[in-house]
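Chemist: Just the structure for this:
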Amino acid sequence: MAGRNVVDPAQVRAAVLAVAQWLGDAGVAAPGRAELGAAVKGTARALAASAPGHSVEVRVPPFVAVQCIEGPRHTRGNPPNVVETDARTWLLLATGLLEFDDAVASGAVSASGTRAAEIAGWLPIVPLSAPR
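Modeler: A predicted model of the protein is given here:
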């Protein structure tokens with residue numbers, strides 16, 4: 001049995017494609033919790049795999065929290081560098097349909113700590129084209 005931190009790029013892409021229409025049009029009915037969870041967890045774990053480390057924590061409640069980016073390891077209390085957002089915003093970031101700085105400026109993403117913005121350099125995870 002594969003560990004929960006093993007990321008299959010094909011599965012992550014398939015999970016994102018399953019919710020892509022909703023990402024492109026907020027008027028489309030939201031995907032089911034299982035579909036949404038698969039896309040969120042897959043992309044967050046893919047980020048952690050491609051940017052291993054423990055200096056930034058990415059939280060997408062209620063689905064996942066991962067640590068990433070090389071640097072000092074955090075072991076107690078609240079981490080000093082945290083990025084937190086909702087599932088839809090996370091997936092927009094993960095697909096390149098939303099820029100990190102724009103999401104922070106709009107308040108859709110809470111980014112605290114001096115290193116939180118470093119995740120922007122690792123996005124998008126599964127690039128999608130904006131609908132025309």
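Chemist: how about the helices in this protein?
Modeler: 9-24, 33-50, 87-95, 100-106 (DSSP state H).
Chemist: The third one vs helix 9-24, what angle?
Modeler: Using axes from the mean of the first three to the mean of the last three CA atoms, to 10 degrees, the inter-axis angle of helix 87-95 relative to helix 9-24 is 120 degrees.
Chemist: Which strands and helices lie in contact with helix 87-95?
Modeler: If you count contacts as 3 or more CB pairs under 8 Å, 6 or more residues apart in numbering; DSSP states H and E, helix 87-95 packs onto helix 9-24, helix 33-50, strand 56-60, helix 100-106. C-betas here are computed from N, CA, C, even on glycine.
Chemist: Single out the most deeply packed of those.
Modeler: Mean neighbours per residue, mean count of other CB atoms under 10 Å, is largest over these for strand 56-60, with a mean of 24.
Chemist: Within the sheet, what are the partner strands of it, with directions?
Modeler: Strand 56-60 has its sheet partners listed here by DSSP bridges as strand 64-68 (antiparallel), strand 82-85 (parallel).
Chemist: Need the pLDDT of Gln11.
Modeler: Gln11 carries a pLDDT value of 96.
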